[in-house]
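K.L.:
this is the structure alone, sequence omitted:
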């Protein structure tokens, strides 16, 4: 019986790709948000409302329903 990790088949190559893609997106999001905070500080504006809106977008979350959108990465 295959072992599972976090509900995903540990031997499933797609689960590895999802994990790596998630890490890439998370890293990009962190970098983007850091730059937006920096720009907000330089412009003497609070970037929090914009960051909340951006972080709520479904594109930051990889799920079985949108995984095919990320297969080109």
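P.N.:
Received the coordinates, thanks. In this text, all values refer to a predicted model and were calculated from it rather than measured experimentally.
K.L.:
just the strands in this protein please.
P.N.:
Listed from the start of the chain, the chain has strands (DSSP state E) covering 4-5, 8-9.
K.L.:
who touches residue 54 in this structure?
P.N.:
32-33, 36 (Cβ atoms under 8 Å, 6 or more residues apart in numbering). The C-beta positions use only the backbone N, C-alpha and C, and glycine is treated the same way.
K.L.:
longest single helix anywhere in the chain?
P.N.:
helix 13-42 (DSSP state H).
K.L.:
tell me which residues in that helix are buried?
P.N.:
15, 18, 25, 29 (16 or more other Cβ atoms under 10 Å).
K.L.:
for stretch 45-56, same thing?
P.N.:
Buried positions in stretch 45-56, judged by neighbour count with 16+ other Cβ under 10 Å: 47, 51.
K.L.:
pretty sure residue 29 contacts residue 59?
P.N.:
No - using Cβ atoms under 8 Å, residue 29 is not in contact with residue 59; the gap is 9.5 Å.
K.L.:
per-residue confidence at residue 17?
P.N.:
In this prediction, residue 17 carries a pLDDT score of 74.
K.L.:
now residue 58: how far from residue 42?
P.N.:
According to Cβ to Cβ, to the nearest Å, residue 58 and residue 42 sit 29 Å apart.
K.L.:
ok, now residue 13?
P.N.:
44 Å.
K.L.:
what helices and strands are in contact with the longest helix of the chain?
P.N.:
strand 8-9, helix 48-55 (3 or more Cβ pairs under 8 Å, 6 or more residues apart in numbering; DSSP states H and E).
K.L.:
and it with helix 48-55, angle?
P.N.:
170 degrees (axes from the mean of the first three to the mean of the last three Cα atoms, to 10 degrees).
K.L.:
low-confidence stretches in this protein?
P.N.:
1-12, 62-73 (pLDDT under 70).
K.L.:
for the closest residue to residue 37 other than its chain neighbours, what are its contacts?
P.N.:
With sequence-adjacent residues excluded and distances taken as Cβ to Cβ, 6 or more residues apart in numbering, residue 37 is closest to residue 47, at 5.4 Å. Going by Cβ under 8 Å, 6+ apart, residue 47 touches 36-37, 39-40.
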